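Enquirer: Give me a model of this one.
(chains A and B)
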Protein chains: 2
Amino acid sequence: MNVIVGGGVVGLSIAWRLAREGLPVTVVDPAPGRGASYAAAGMLAPVSEVAYTEEPLLRLGAASLSRWPSFAAELAADAGLGAGLGPGLGAGLSGGPNGGPGGGPGGVAGARAGEAFGGAFGVIGPEGAAGRALDLRADGTLDVAFGADDLAALDDLAAFMDKLGLRVERLTGRECRRLEPMLAPSVRGGLLAPGDAWVDPRRVTAALLAALDRLGVPVVRARVTGLLRDGAAAPGAATGAGTGSGPSAGIGAGTSGAASAGTGGVAGPVAGAATGAVTGVRLEPVPGQPEPAVREIAAERVVLAAGAWSGQLADVPVRPVKGQIMRLRSPQPLLGRCVRGMVHGAPVYLVPRGDGELVLGATQEELGFDTRVTAGGLYELLRDARELVPGVTELEVADVVAGLRPGTPDNLPIIGAGEVPGLVLATGHHRGGVLLAPLTAALVTSAMLAPSATPSAATSRPATAASTTAQTGTQPAVQTTTQPAARAVRLSTGAGILTGEEGELAALCSPARFRDIS
Amino acid sequence: MNVIVGGGVVGLSIAWRLAREGLPVTVVDPAPGRGASYAAAGMLAPVSEVAYTEEPLLRLGAASLSRWPSFAAELAADAGLGAGLGPGLGAGLSGGPNGGPGGGPGGVAGARAGEAFGGAFGVIGPEGAAGRALDLRADGTLDVAFGADDLAALDDLAAFMDKLGLRVERLTGRECRRLEPMLAPSVRGGLLAPGDAWVDPRRVTAALLAALDRLGVPVVRARVTGLLRDGAAAPGAATGAGTGSGPSAGIGAGTSGAASAGTGGVAGPVAGAATGAVTGVRLEPVPGQPEPAVREIAAERVVLAAGAWSGQLADVPVRPVKGQIMRLRSPQPLLGRCVRGMVHGAPVYLVPRGDGELVLGATQEELGFDTRVTAGGLYELLRDARELVPGVTELEVADVVAGLRPGTPDNLPIIGAGEVPGLVLATGHHRGGVLLAPLTAALVTSAMLAPSATPSAATSRPATAASTTAQTGTQPAVQTTTQPAARAVRLSTGAGILTGEEGELAALCSPARFRDIS
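Expert: Residues are numbered from 1 along each chain as shown, chains lettered A, B, ... in the order given. Sure, this is the predicted structure:
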């Protein structure tokens, strides 16, 4: 069994891809799809989402964006959302991970992904089943500027994009308003990234859950309180030692589960208390959900995709970065594409949904595990959105949500096997979880199917030893789930195949880069 | 039977007072307590709530405020909310309608009501059962000013209050901040009305519903689509003619029920289609509520307390004035009293509740029957509240609501019998429904118990004729509710007794003042 801790867009994508490859998978999350994914705007916008100092993140985003068309088409098919959209459709798309131009060493994978993606949307875009089912659109992103400083920054960004061969267009204020008539008159210029796309993350997680259900993958509504470790005492001795919170635990738990469990002084099967291989997870029930059938699940591999809560279960430098978003209801669409801008020194964006909703995002607050929607957060969102598009004031407020992004010291995700045998990390995606989900799933699948396929990961990952340990029966006497993988059939054999560029990107995301600091 | 159309704080108060006097009463409302009362902040603040050009409104507010202590005590007792608080307590309170100083002709009733009320709170205030049950507090209101214009306006208001004998204190900015340390540093002065009080309107309507239940008064969850009129055709002929919305109908129904029913060309028993006495109401069920036992209720008198929707049932000049409020959650109370101020030319107030909530209010928007919570409304509330009390930005957003106040051309309520026999009006309370509920209930009770008690109303009210008509059996062959008034026993004999000042105030509120314009 492979246990995925965390049922956000990253964890569910990994579970789906692994299940498609025939691996036995179980997902554990107290409220799947209700963490950071629920509060995400869903921009698939590597071009406009990154500062031009963040080239590695841009490369990751571009590579994952090029996987999105086939990912979406296959997901819609597996979730039963579109008639006639078989899993084979992805192969027919231009710009896919295997059919694309394929960046050379040091190049940018999917440098022309935007264009290829735009073309792909002719097939699976708003008119297609996947587009409708996931509210997937590729009408581009318009970055706008008000002042001289912002305009200069747009010029720098345009030059940088141009150097990378990415297609962007520098527009005057008048051209911006011609594209988007609702823009404020004070907008003085803009940068159009025509290939940027977006998707409704709530529809994506719902589709992933539907696909997992159809594949027979259990999704356990429970909280993971700790990781089972090899070489541990009898499980009974550890009762009560694990006080850390699992994913979506909410507010206030500043200390990590690993640390607090360790201070109990009990050599039980909890994170931090034993140094052996990870052999499974411990669960606790959550209010309002059926009691889980077991309190422990043994696993060959545990994939930690617990987002902002990952640091409570393992030694990873992930911190919560709070974001508040607001969804407005619009009788007629105010905007034809995503609009972004810097207002009062903070980035604000407006993402139009197909059903007339307009998402305003997002605050970035370093407040620990605080998920309160605050007066100040709403005020900033509304103030900044008004400056970009004054007409938002007329719209009805449909929803306000706060979520916690998993931030890392270098803003790059942490993907792959780390030091601890049996544990694979897929966390730290910060603002990019939705965009990076397809690539993350591919990297994890690749690592778990063929350990030697990703060179960087292979050097630092004793995953084979972990599975061996688990398989030879040294795990403690825990109950195992009786869930068979009978219905998980092999639907795709290409999910774990990486391009050369993706192999390099795997190294950028390797957990090994934090070994010195953690 | 007396039918009260509208289950807001005004309609429920009237029903309760009438039932206490032994009159048979039925209340009809699709969602009692969920209209404007639900969105009200609950300030009992005649002094600081009115512009100094609105002396009649000030007199009304002061008179009603002086009734609030006994009203609250009796309500808490009747609702079963406090042990040992009998209905007789009100008589022992200073400043009550009968024991108070009693303004002479032309004077201000309850001119010292604030002080008397403050004293009364020693008995029924926050420490008392009624105070706790209704979250009733009398810690005063602080009006603050930022600029020179606002300061000058405060000076004028202070002089005016002084002339009226009302107790207010003019404070410096420093003195304001000593009272309320969370006030913005830019506050330059203030006016303290120490006797102003406030209450939680949601608790008041809940208590009123509980009291009515204990008195055996039926509250029918249905929409009133029209008034039954004397001299009408058989009721069957009118089927489908009434398309107007009842109270709390929500959005979009810009045309009045009376008008739309009339244009059907059917001389049915609906408002506007017949000119005879009102003999009852027609009902339609509302989704999510049990089907009402009858579709029509015959009544000797119909009291129209349908707030902003009153104009859809009768010819009264009431228009909806939209207000949006926000409730914030505060771990510690930010404020000790109500704080108000003019910001960007609009009044904003912050009302602290006993449970740590802080209410921000309120927008005033002339948008017809629009109850959408909008981005612009929230923005203005947050922007203005921040300027008064910057610390609000840290608070959690608990709730956002929009309601429709019943506005009138002269900002005064419309209370008493109008031209149509059988119809009593109690509407048009605009921003003052909670404050004015006790006085309104007294005026209506007085009019219905002893038509000659209020001189001004007597000149314009053919209520006796109406009841006679109804009693002589000329109403159409409609089903009547089988609800007996068996449990409605006489609890009070003083509810309809008015002071001389209150008799004069009744004239101010008389529907007759609009006869020329309507």
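Enquirer: wait, A:Ala314 sits on A:Leu227?
Expert: Yes. Judged on CB atoms under 8 Å, A:Ala314 makes contact with A:Leu227 at a distance of 6.8 Å. (Each C-beta comes from the backbone N, C-alpha and C, glycine too.)
Enquirer: who's more crowded, those two?
Expert: The neighbour comparison of A:Ala314 against A:Leu227 (other CB atoms under 10 Å in any protein chain shown) goes to A:Leu227, with 31 against 28.
Enquirer: residue contacts, the residue most central in space within chain A?
Expert: The centroid of chain A falls nearest to A:Gly433 when counting by CA atoms, centre = their mean (2.1 Å). Shown in contact with A:Gly433 (CB atoms under 8 Å, 6 or more residues apart in numbering or on different chains): A:Gly8, A:Val9, A:Val10, A:Ala36, A:Ser37, A:Ala40, A:Gly307, A:Arg405, A:Pro406.
Enquirer: repeat for A:Glu366
Expert: Shown in contact with A:Glu366 (CB under 8 Å, 6+ apart): A:Arg319, A:Val321, A:Lys322.
Enquirer: Which ones among these map onto strands?
Expert: A:Arg319, A:Val321, A:Lys322 (DSSP state E).
Enquirer: can you put those residues in a markdown table and add pLDDT and distance to A:Arg178?
Expert: Formatted as a markdown table, these follow (pLDDT from 0 to 100; distance: CB to CB, whole Å):
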| residue | pLDDT | distance to A:Arg178 |
| --- | --- | --- |
| A:Arg319 | 97 | 42 |
| A:Val321 | 96 | 36 |
| A:Lys322 | 96 | 37 |
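Enquirer: for those residues, which one is nearest chain B?
Expert: A:Lys322 (12.5 Å; CB to the nearest CB).
Enquirer: The closest one: neighbouring residues, count only.
Expert: 25.
Enquirer: wouldn't it be in contact with A:Pro406 here?
Expert: No. The pair A:Lys322 / A:Pro406 is not scored as a contact, 11.5 Å apart, by CB under 8 Å.
Enquirer: helix or strand for whichever residue of the stretch 51-200 of chain A sits closest to chain B, which one?
Expert: Using CB to the nearest CB, the point where the stretch 51-200 of chain A gets nearest to chain B is A:Met182, with a distance of 13.2 Å. Assigned by DSSP states H and E, A:Met182 belongs to no helix or strand.
Enquirer: which residues touch it?
Expert: A:Leu334, A:Leu335, A:Val389, A:Pro390, A:Gly391.
Enquirer: which parts of chain A sit against chain B?
Expert: Contact residues, chain A versus chain B (CB under 8 Å from any CB of the partner chain): A:326, A:328, A:360, A:372-376, A:378-379, A:382-383, A:385-386, A:392-397, A:400.
Enquirer: And the buried ones among those residues, selectable in ChimeraX?
Expert: Buried residues within these, by 16 or more other CB atoms under 10 Å in any protein chain shown, are selected in ChimeraX with:
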select /A:326,328,360,372,373,374,375,376,378,379,382,383,385,386,392,393,395,396,397,400
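Enquirer: Tell me which of the residues of chain A next to chain B fall in helices.
Expert: The helices, defined by DSSP state H, take in A:Ala375, A:Gly376, A:Leu378, A:Tyr379, A:Leu382, A:Arg383, A:Ala385, A:Arg386 from these.
Enquirer: is it possible to export the residues you listed to JSON lines including distance to A:Val303 and pLDDT?
Expert: Formatted as JSON lines, those follow (distance: CB to CB, whole Å; pLDDT from 0 to 100):
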{"residue": "A:Ala375", "distance to A:Val303": "38", "pLDDT": "96"}
{"residue": "A:Gly376", "distance to A:Val303": "36", "pLDDT": "96"}
{"residue": "A:Leu378", "distance to A:Val303": "35", "pLDDT": "96"}
{"residue": "A:Tyr379", "distance to A:Val303": "39", "pLDDT": "96"}
{"residue": "A:Leu382", "distance to A:Val303": "38", "pLDDT": "96"}
{"residue": "A:Arg383", "distance to A:Val303": "40", "pLDDT": "95"}
{"residue": "A:Ala385", "distance to A:Val303": "37", "pLDDT": "95"}
{"residue": "A:Arg386", "distance to A:Val303": "42", "pLDDT": "95"}
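Enquirer: Thank you, goodbye.
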